[in-house]
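> next come a sequence and a model predicted from it.
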Amino acid sequence: QVQLVESGGGLVQAGGSLRLSCAASGRTFSTNAMGWFRQAPGKERELVAAISGSGSNTYATDSVKGRFTISRDNAKRTVYLQMNSLKPEDTAVYYCALDSRRTGWGTSRALFEYDLWGPGTQVTVSS
């Protein structure tokens with residue numbers, strides 16, 4: 001059984017940076033596609049960034065391109081989301097997720113593809 005736990009959230013001023021971490025425990029991780037999602041109050045959960053199991057392919061949604069970077073360290077069983085130039089509209093609960101059915105080079109882009117989720121970490125950006 002794989003478990004995901006996020007950390008690194010907090011309160012930051014606009015223009016600041018945070019790095020989120022997602023630590024995985026259990027048998028599956030190093031070959032699976034993973035992603036970061038976020039959900040703001042009253043809004044649907046949305047994909048922020050995704051990374052392939054190999055780590056060689058990544059995806060970022062348009063609103064965070066050039067500001068957020070997803071990466072992974074399979075030896076440490078950890079996925080990261082580096083968030084720079086944060087804006088108040090980035091305020092949300094951020095979730096790490098894993099697609100147990102996709103391995104290798106591809107990224108998973110749809111919410112329904114992810115079947116394992118962490119509990120989330122709050123990110124608040126003040127103006």
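Yep, it's here.
> now for residue 9: which residues touch it?
18, 20, 94, 121-123 (C-beta atoms under 8 Å, 6 or more residues apart in numbering). Backbone N, C-alpha and C define where each C-beta goes, glycine included.
> for the residue nearest the centre of the chain, give me the pLDDT.
What sits nearest the mean C-alpha location of the chain, by C-alpha atoms, centre = their mean, is residue 36, with 2.1 Å. Note on residue 36: pLDDT of 98.
> who is it paired with across the strands?
Beta-bridge partners recorded for residue 36 (DSSP bridges): residue 49, residue 96.
> could you dump stretch 26-42 to PDB, C-alpha only?
Extracted as PDB, the C-alpha positions of stretch 26-42 are listed here (Å, rounded to 0.1, in the frame of the first residue of the first chain):
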ATOM      1  CA  GLY A  26       5.100   1.600   0.000                       C
ATOM      2  CA  ARG A  27       5.900  -0.600  -2.900                       C
ATOM      3  CA  THR A  28       5.000   1.600  -5.800                       C
ATOM      4  CA  PHE A  29       6.500   5.000  -6.700                       C
ATOM      5  CA  SER A  30       9.600   5.100  -8.700                       C
ATOM      6  CA  THR A  31       8.100   4.200 -12.000                       C
ATOM      7  CA  ASN A  32       4.700   5.800 -11.700                       C
ATOM      8  CA  ALA A  33       3.400   9.100 -13.100                       C
ATOM      9  CA  MET A  34       2.700  11.700 -10.500                       C
ATOM     10  CA  GLY A  35       1.100  15.100 -10.300                       C
ATOM     11  CA  TRP A  36       0.300  18.100  -8.200                       C
ATOM     12  CA  PHE A  37      -3.200  19.400  -8.000                       C
ATOM     13  CA  ARG A  38      -4.800  22.300  -6.200                       C
ATOM     14  CA  GLN A  39      -8.200  23.200  -5.000                       C
ATOM     15  CA  ALA A  40      -9.300  26.700  -4.000                       C
ATOM     16  CA  PRO A  41     -12.500  27.300  -2.000                       C
ATOM     17  CA  GLY A  42     -15.600  27.000  -4.100                       C
END
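> alright, I will stop here.
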